[in-house]
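>>> have a look at this prediction, sequence included:
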Amino acid sequence: MMPSTHDVLVAPSILAADFTRLGDEIRAVEAAGADVLHVDVMDGHFVPNLSIGLPVVAAARRAAGIVVDTHLMITNADRYVERYAEAGSDWISVHAEACPHLDRVIQQIRAAGAKPGVVLNPHTPETALEYVLDALHYVLIMSVNPGFGGQRFLPSVLPKIARLRARIEQRGLDVRIEVDGGIGPETARQVVAAGADVLVAGSAVFGTADYAGAIAAIRGAARG
């Protein structure tokens with residue numbers, strides 16, 4: 001296993017936040033030490049759930065002083081990436097499984113002024129990225145099946161993270177590895193040891209009474 005040379009970033013996912021006071025929740029996790037704000041967009045087609053869309057991303061942008069990381073769990077992402085960039089997304093990731101013209105969508109994201117990422121579902125091998133890896137800012141590895149929060153971490157993704165990190169280092173690329181699904185202090189240590197450096201945490205942060213303590217616990221575990 002080859003660890004990343006990047007600092008580990010903690011990215012609370014607003015999917016687990018209290019939407020009746022979303023602005024306050026965003027400001028609270030930022031004050032608690034969050035590095036990135038993770039926003040899950042689901043269309044009820046690519047994944048079996050609906051979540052949020054452009055107006056909520058724009059509202060999150062107005063509330064957040066940190067990076068807004070928008071994860072598009074949608075089909076036809078090529079129709080929407082520019083609009084999500086205009087709404088204030090700093091990072092935008094699309095699913096390899098949902099984009100038949102993946103290179104084109106990556107170029108669209110970059111041209112719109114956002115940093116591009118590609119998401120891999122648990123069953124999708126890292127080799128799916130071989131011909132686009134050098135165009136990416138980050139890769140998001142799903143450690144649960146996408147569509148619902150609160151699922152248990154799938155340890156079968158750990159070798160995939162390690163292989164991807166080794167490939168990034170072998171090619172001399174500056175690409176982050178983000179992991180989303182079942183992340184808390186125990187699993188943070190595992191995924192960072194495998195090579196991840198951005199940790200998405202939903203209920204492990206927003207499901208607690210102490211956001212600062214939760215973020216510190218994840219970051220501390222990640223550092224070993």
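Perfect, thanks for sending it.
>>> can you tell me which helix or strand residue 191 belongs to?
Remark: residue 191 resides in helix 185-194, with elements defined by DSSP states H and E.
>>> what sits up against that helix?
Residues from elsewhere that reach helix 185-194, judged by Cβ atoms under 8 Å, 6 or more residues apart in numbering: 1, 3-4, 8, 143, 153, 155, 158-159, 161-162, 165, 179, 183, 199, 201, 204, 217-224. Backbone N, C-alpha and C define where each C-beta goes, glycine included.
>>> out of those, list just those in helices.
Among the contacts of helix 185-194, the ones falling in helices (DSSP state H) are 158, 159, 161, 162, 165, 204, 217, 218, 219, 220, 221, 222.
>>> with just CA atoms, put stretch 175-183 into CSV.
In CSV, the C-alpha atoms belonging to stretch 175-183 read as follows (Å, rounded to 0.1, in the frame of the first residue of the first chain):
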residue,chain,number,x,y,z
VAL,A,175,-4.8,13.1,-8.2
ARG,A,176,-6.7,12.8,-4.9
ILE,A,177,-8.6,9.7,-3.9
GLU,A,178,-11.9,10.4,-2.1
VAL,A,179,-13.9,7.7,-0.4
ASP,A,180,-17.6,7.9,0.4
GLY,A,181,-19.7,5.5,2.4
GLY,A,182,-19.6,4.2,6.0
ILE,A,183,-16.7,6.5,6.9
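>>> and that stretch, how far from the chain's centre?
Centre-to-centre, stretch 175-183 and its host chain are 6 Å apart (Cα atoms, centre = their mean, to the nearest Å).
>>> what's in contact with it?
Stretch 175-183 is contacted from outside by 4, 6, 9, 11, 13, 38, 69, 71, 93, 117, 133, 136-144, 146, 151-154, 157, 161, 164-165, 168, 191, 195-201, 204, 218, using Cβ under 8 Å, 6+ apart.
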